[in-house]
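1. from the sequence below, what's the structure:
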Amino acid sequence: MTDDLISVITNDHREVEQVFAELEDGTADPKRRRELTDHVIAELVRHSVAEEQYMYPAARKHLENGDELADHEIEEHSEAELLMKQLEDMDATDPKFDRLLSNLMDSIRHHVEDEENDLLPRLRAACSEEELRELGEKVLRAKAKAPTRPHPQSPQKPPANRILDPGAGLIDRIRDKLSGRAR
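-> Numbering: from 1, shown residues only. Reported below is the predicted structural model:
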């Protein structure tokens, strides 16, 4: 498998959907639901941060109405991040937990559909294979240093996000280690 931008992003989408399916199957006890939710939040945050650092700037550069598209996707990230922030420390037995989790899954599925049916095909057509490969590598590197917890007030556009996200990521990974939160 190549690590071009399209494959990296779609692979992330599939991995998140697998966690969603396990959350929806109804067999996990509250402790496991909390662990799965923490895991999916960490993955979604890392994925979003990397998209904001590299994929959306590529859309702005290469696509007609790229600014509009990127702004729309970032707005969807912001909405999802607010839901993740609400879920972050909520007990899985809280009556609001399932409703918020369902809202998050619906939001992410809509976002994935938009990206896979519109943005990604347009980027594939507009960018060279080399560019897509370079972007994929940058996204993977960004994910490795990205935050693992939602930070709704943090910048979502370069250059500020590229400067601040690695520091927030380091702090999040320390917090994850100290709290025993799975990554």
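2. tell me where the chain is predicted with low confidence.
-> Residues of the chain that meet the criterion pLDDT under 70 lie in 1-2, 182-183.
3. can you map out the helices along it?
-> All helices of the chain, identified by DSSP state H, fall at 5-24, 30-50, 56-62, 66-88, 95-114, 120-126, 129-145, 160-179.
4. who wins for proximity to P152 among those?
-> Among these, the nearest to P152 by Cβ to Cβ is helix 66-88 (4.9 Å). From N, CA and C alone the C-beta is placed, and that goes for glycine too.
5. who are the packing partners of that closest one?
-> Applying 3 or more Cβ pairs under 8 Å, 6 or more residues apart in numbering; DSSP states H and E, we find helix 66-88 packed against helix 30-50, helix 56-62, helix 95-114.
6. can you list contacts of that helix?
-> Helix 66-88 has contacts (Cβ atoms under 8 Å, 6 or more residues apart in numbering) with 37, 41, 44-45, 48, 51-52, 56-57, 59-60, 63, 96-97, 100-101, 103-104, 107-108, 110-111, 114-115, 118-119, 149-152, 156-157.
7. buried set for that helix?
-> Residues 66, 69-74, 76-77, 79-81, 83-87 are the ones in helix 66-88 that count as buried (16 or more other Cβ atoms under 10 Å).
8. ok, back up a step: out of the helices and strands packed on helix 66-88, nearest to A126?
-> Using Cβ to Cβ, these put helix 56-62 closest to A126, at 4.1 Å.
9. which residues touch the closest one?
-> Against helix 56-62 from outside (Cβ under 8 Å, 6+ apart): 5, 66-67, 69-70, 73-74, 119, 122-123, 126-127, 131, 135, 157-158.
10. of these, which pair is most distant in space?
-> The widest separation within these (Cβ to Cβ) is 21.1 Å, between I74 and E131.
11. re earlier: of the helices of the chain, flag the one that's most buried.
-> helix 30-50 (a mean of 20; mean count of other Cβ atoms under 10 Å).
12. which strands and helices sit next to it?
-> Other elements packing on helix 30-50 under the criterion 3+ Cβ pairs under 8 Å, 6+ apart are helix 5-24, helix 66-88, helix 95-114, helix 129-145, helix 160-179.
13. in JSON lines: those helices, plus distance to K31.
-> Formatted as JSON lines, these follow (distance: least, Cβ to Cβ, whole Å):
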{"stretch": "helix 5-24", "distance to K31": "13"}
{"stretch": "helix 66-88", "distance to K31": "15"}
{"stretch": "helix 95-114", "distance to K31": "13"}
{"stretch": "helix 129-145", "distance to K31": "27"}
{"stretch": "helix 160-179", "distance to K31": "14"}
